[in-house]
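Enquirer: Show me the folded form of this:
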Amino acid sequence: MLVAMMMLAVAAPNPRTLDPPRKAYQACLKTFETTSLAAKMDAAAYVAALKGVCNAEAASLAKALTDYDVAMGTKRAAAAATAASDVADYVLSAEERFRDRVSSAPKTN
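Expert: Below you'll find the model as predicted:
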């Protein structure tokens, strides 16, 4: 019994494998946000441009999330849908954070 439990523990995927792609995606979004703020981009333009940036990082994160969930026993289609939702949440958070920062920035005339 103990041996079987140890084998399951060793076979389980390590959640730390998600950290590098997650951090890379977050860093890419943050860099784009910082650059966009410095360029005084308006919120609508930011949202439109955000869809075309960090695609490689988003794909890497989605793959890592999907692979992890599949290794944990989730069906691939469900894991991919969850990963896509998670990536979309990062985008939505970036949009909201940008809007908040733009609206709280001091106005200069």
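
Enquirer: Report the rounded mean pLDDT for stretch 65-72.
Expert: The average pLDDT for stretch 65-72 rounds to 96.

Enquirer: ugh, typo on my part, it should be stretch 15-27
Expert: Stretch 15-27 comes out at a mean pLDDT of 95.

Enquirer: Can you pull the poorly scored residue ranges out of this structure?
Expert: Judged by pLDDT under 70, the chain has its weakly predicted residues at 1-11, 105-109.

Enquirer: just the helices in it please.
Expert: Per DSSP state H, the chain carries helices over the ranges 2-11, 19-38, 43-50, 55-71, 76-104.

Enquirer: can I get those helices in TSV with mean neighbour count?
Expert: (Each C-beta comes from the backbone N, C-alpha and C, glycine too.) What follows is the helices of the chain, written out as TSV (neighbours: other CB atoms under 10 Å):
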stretch	mean neighbour count
helix 2-11	8
helix 19-38	15
helix 43-50	14
helix 55-71	17
helix 76-104	14
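
Enquirer: how far does stretch 55-70 sit from the chain's center?
Expert: Shown here is stretch 55-70, whose average C-alpha point lies 9 Å from the average C-alpha point of the whole chain (CA atoms, centre = their mean, to the nearest Å).

Enquirer: Now tell me what touches that stretch from outside.
Expert: When contacts are taken as CB atoms under 8 Å, 6 or more residues apart in numbering, the neighbours of stretch 55-70 outside the stretch itself are 13, 15, 17-18, 21-22, 24-25, 28, 76, 78-80, 82-84, 86-87, 90.

Enquirer: do the same with stretch 14-31
Expert: With contacts defined as CB under 8 Å, 6+ apart, stretch 14-31 is touched by 50, 53-54, 57-58, 60-61, 63-65, 68, 87, 90-91, 94.

Enquirer: Output that stretch in CSV with nothing but the alpha carbons.
Expert: Output for stretch 14-31, consisting of C-alpha atoms alone and laid out as CSV, is shown next (Å, rounded to 0.1, in the frame of the first residue of the first chain):
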residue,chain,number,x,y,z
ASN,A,14,4.4,19.1,-10.3
PRO,A,15,2.4,22.3,-10.3
ARG,A,16,5.6,24.3,-10.3
THR,A,17,6.0,23.5,-14.0
LEU,A,18,3.3,26.0,-14.5
ASP,A,19,5.3,28.9,-13.0
PRO,A,20,7.7,29.7,-15.8
PRO,A,21,5.0,30.0,-18.6
ARG,A,22,2.7,31.9,-16.2
LYS,A,23,5.4,34.3,-15.2
ALA,A,24,6.5,34.8,-18.8
TYR,A,25,2.9,35.6,-19.9
GLN,A,26,2.4,38.0,-17.0
ALA,A,27,5.8,39.7,-17.7
CYS,A,28,4.8,40.1,-21.4
LEU,A,29,1.5,41.7,-20.5
LYS,A,30,3.1,44.0,-17.9
THR,A,31,5.7,45.1,-20.4
